[in-house]
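Give me a model of this one.
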Amino acid sequence: MATNNTPTPHIGAQYGEIAETVIMAGDPLRAKVMADRYLDNPIQFNNVRGMLGFTGTHKGKRVSVMGHGMGIPSIGIYTYELYNFYGVKTIIRVGSSGSIHKDLHVGDLVIAMGACTNSNYAAQYELPGTYAPIADFDLCRRAAEACERFGYRYKVGNVFSSDTFYTENAHNDKWINMGVLAVEMEAPALYMNAARSGNKALVICTVSDNILTGEATTAEERQNNFTHMMDVAFSLI
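Numbering: from 1, shown residues only. The predicted model follows:
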């Protein structure tokens, strides 16, 4: 572990200030919400570029929360540094997603077992084929069991992780035909960074809108009210 690489250009923490398990959200203000809601004695370890990070304890276990920004390049940078420079072993992303499934409604949870993508992130590995980014099975299984215990509506399956939020040709119908549940923007980089570093990762998303029905939520609701996925994530610590 190259501890002399810390702080990094993007994370201002010293080695040891970040727990081995990190729960991340795209919005750094959602990380602050998690710190306030779930952590005992949280201490802020990062504010570089406004990407808030905190370490505390949850039910006696040390855990960190942090933002990761929007898109595959952003989460790719932060999670690479966490896995490779800070000794992090497990990262769980909690975020929002757009449902492309008729039975997934606003507030429902999506556990991303796999992540399809139009990103070229995997090209760096020069693999002789197409890589399939997948979650850690144990985390995925336990997240589904937690949803059952809590009584939360959820589905487990594939998500589509897009490099573009605004696009001229979304082709959602083609992803729907392949059984993809929802659209988000980060999972493949997290899953590939975890695989390459020999660590664990899981993405749990809350449906913020349904592309098929037109259901939608506000930015404030997404920041403050999407707590079911957080309950599940913290149950995995």
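
Distance check, the residue most central in space within the chain against N169.
In the chain, the C-alpha nearest the mean C-alpha coordinate belongs to R93, at 2.0 Å (CA atoms, centre = their mean). According to CB to CB, to the nearest Å, R93 and N169 sit 27 Å apart. Any C-beta I mention is one placed from the backbone N, CA and C, and that applies to glycine too.

follow-up on the earlier one: which non-adjacent residue is nearest the residue nearest to the centre of the chain?
In this structure, R93 finds its nearest non-sequential neighbour in V203, 4.5 Å apart by CB to CB, 6 or more residues apart in numbering.

Secondary structure of M113: a helix, I assume?
No. Counting by DSSP: H, G, I helix; E, B strand; the rest coil, M113 falls outside a helix, being strand.

Strands along the protein, start to end?
21-25, 40-46, 53-58, 61-67, 90-99, 109-117, 154-161, 182-184, 200-210 (DSSP state E).

Quick one: the ones you listed as TSV, columns for distance to E126 and mean pLDDT too.
TSV is the format used below for those (distance: least, CB to CB, whole Å; pLDDT from 0 to 100):
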stretch	distance to E126	mean pLDDT
strand 21-25	27	98
strand 40-46	32	98
strand 53-58	32	98
strand 61-67	30	98
strand 90-99	24	97
strand 109-117	17	98
strand 154-161	21	98
strand 182-184	26	97
strand 200-210	22	96
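
right, so of these, which gets closest to T6?
Minimum separation from T6 across those (CB to CB) falls at strand 40-46, 10.6 Å.

That closest one: which residues count as buried?
P42, Q44, F45, N46 (16 or more other CB atoms under 10 Å).

The residue nearest to the third one when sequence neighbours are not counted: neighbour count?
Going back to what we said before, that points to F45. Nearest residue to F45, sequence neighbours excluded (CB to CB, 6+ apart): A13, at 4.0 Å. If you count neighbours by other CB atoms under 10 Å, A13 ends up with 22.

which ones are touching A13?
Residues counted as contacts of A13 (CB atoms under 8 Å, 6 or more residues apart in numbering) are T6, P7, F45, N46, G53, Y86.

Which of these sits closest to V232?
Closest to V232, out of all of the contacts of A13 and judged by CB to CB, is G53, at 20.7 Å.

shouldn't that closest one be in contact with I43?
No. In this structure, G53 is not within contact of I43 by CB atoms under 8 Å, at 9.7 Å.

Might you list the low-confidence residue ranges for this protein?
1-3, 222-225 (pLDDT under 70).

Count the neighbours of E148 for me.
For E148, the count of nearby residues is 10 (other CB under 10 Å).

which residues of this structure fall in helices?
All helices of the chain, identified by DSSP state H, fall at 28-38, 72-85, 137-150, 172-177, 187-197, 219-224, 228-235.

by contact count, what packs against the last one?
Contact partners of helix 228-235 among helices and strands, from 3 or more CB pairs under 8 Å, 6 or more residues apart in numbering; DSSP states H and E: strand 21-25, helix 28-38, strand 90-99, strand 109-117, helix 137-150, strand 200-210.
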